[in-house]
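Participant: sequence below, structure please.
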Amino acid sequence: MAVTTEWGKTGKDIDKFTSFLAPNARLSYWGVPAIEGIDAIRTVVGSLMKTPDFKMTWQPTSATVAASGDLGYTIGTFTMIFQNANGIVITEHGKQQTTWKKINGEWKVIEDTGTSNAPLPVSSRPVTVPASDVKWHDTPAFLNPGAKMAVLVGDPGKPEPFTLRLQMPDGYKIGPHTHPIDEHITVLSGTFVAGIGKAWDDTVMTTFAPGSYAVMAANMPHFAAASGTTVVQVHGVGPVVVNYVNPADDPSKR
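Facilitator: Numbering: from 1, shown residues only. Alright, predicted model coming up:
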């Protein structure tokens, strides 16, 4: 228990972190390939420790030791703070099990596994939404009034997968803006018109008929409009944030 507690204080120092590991130690965490051997662990975990906002701590809650006295495991909890690919700072809590072996009189990690407390990804659960069950609501304050939105799965306000639909009346516009996430758009009905750039420019807009698909990359300024009543389906990994290039275009600031 004591050595696990001390190891749990090394989440920003790769040299101290690896000093607790056996040469053939293996780290197996939920959602990523196992990392085996100190050299590989130094490369992968060391790089992670250098990323902005990264912090990792863990604490044992129980320990079990074999009758031989040279093998055992600890159960505990961990907290990890990191910045994802979209620049969003995530705080993750989870459970951890560490297998220890006494080598030359010192306890060394030979296997460490961890799982997140976060809900299973949306894709791991069956979701069916018949057309008659789609629930339309007013859009959030950061979009111009007049449109309707329906969330089919997930929570767009959280760092998780989501799918939503946006129903726009004829002539509806969304001024130049960016998102910190990739935005995947499928046109279901009507005509969706969009352009790339920091200022509205009708000459660069592309028309998307029903069945069309587009990806608006993270942090890429773009603008959009509807020609006729138009419904688009948007999916991605949240949280959804709309950053207007011109603050005057942000309805929530009016």
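
Participant: dump the residue contacts of the residue nearest the centre of the chain.
Facilitator: Centroid-nearest residue in the chain, with CA atoms, centre = their mean: residue 159, separated by 4.7 Å. Taking CB atoms under 8 Å, 6 or more residues apart in numbering as the criterion, residue 159 is in contact with 84, 88, 90, 237, 238, 239. (C-beta placed from N, C-alpha, C; glycine too.)

Participant: quick check, pLDDT for the fourth one.
Facilitator: Per-residue confidence at residue 237 stands at 88 (pLDDT).

Participant: now residue 208, which residues is it bridged with?
Facilitator: Using DSSP bridges, the beta-bridge partners of residue 208 come out as residue 192.

Participant: that one: neighbour count?
Facilitator: With neighbours defined by other CB atoms under 10 Å, the count for residue 208 comes to 21.

Participant: check contacts around it.
Facilitator: 185, 187, 191, 192, 193, 194, 214.

Participant: taking the contacts of residue 159 one by one, which sit in strands?
Facilitator: 90, 237 (DSSP state E).

Participant: just give the nearest non-adjacent residue to residue 183, would you?
Facilitator: Nearest residue to residue 183, sequence neighbours excluded (CB to CB, 6 or more residues apart in numbering): residue 216, at 4.2 Å.

Participant: tell me who's in contact with that neighbour.
Facilitator: By CB under 8 Å, 6+ apart, residue 216 lies in contact with 179, 182, 183, 185, 194, 222.

Participant: as a markdown table, the residues you listed with neighbour count would be great.
Facilitator: Formatted as a markdown table, the contacts of residue 216 follow (neighbours: other CB atoms under 10 Å):
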| residue | neighbour count |
| --- | --- |
| 179 | 22 |
| 182 | 16 |
| 183 | 18 |
| 185 | 19 |
| 194 | 20 |
| 222 | 20 |
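
Participant: what's the farthest-apart pair in those?
Facilitator: Spanning the widest gap among the contacts of residue 216 are 182 and 194, at 14.6 Å by CB to CB.

Participant: returning to that earlier point: highest neighbour count among the contacts of residue 208?
Facilitator: Most neighbours among these, by other CB under 10 Å: residue 192, with 26 neighbours.
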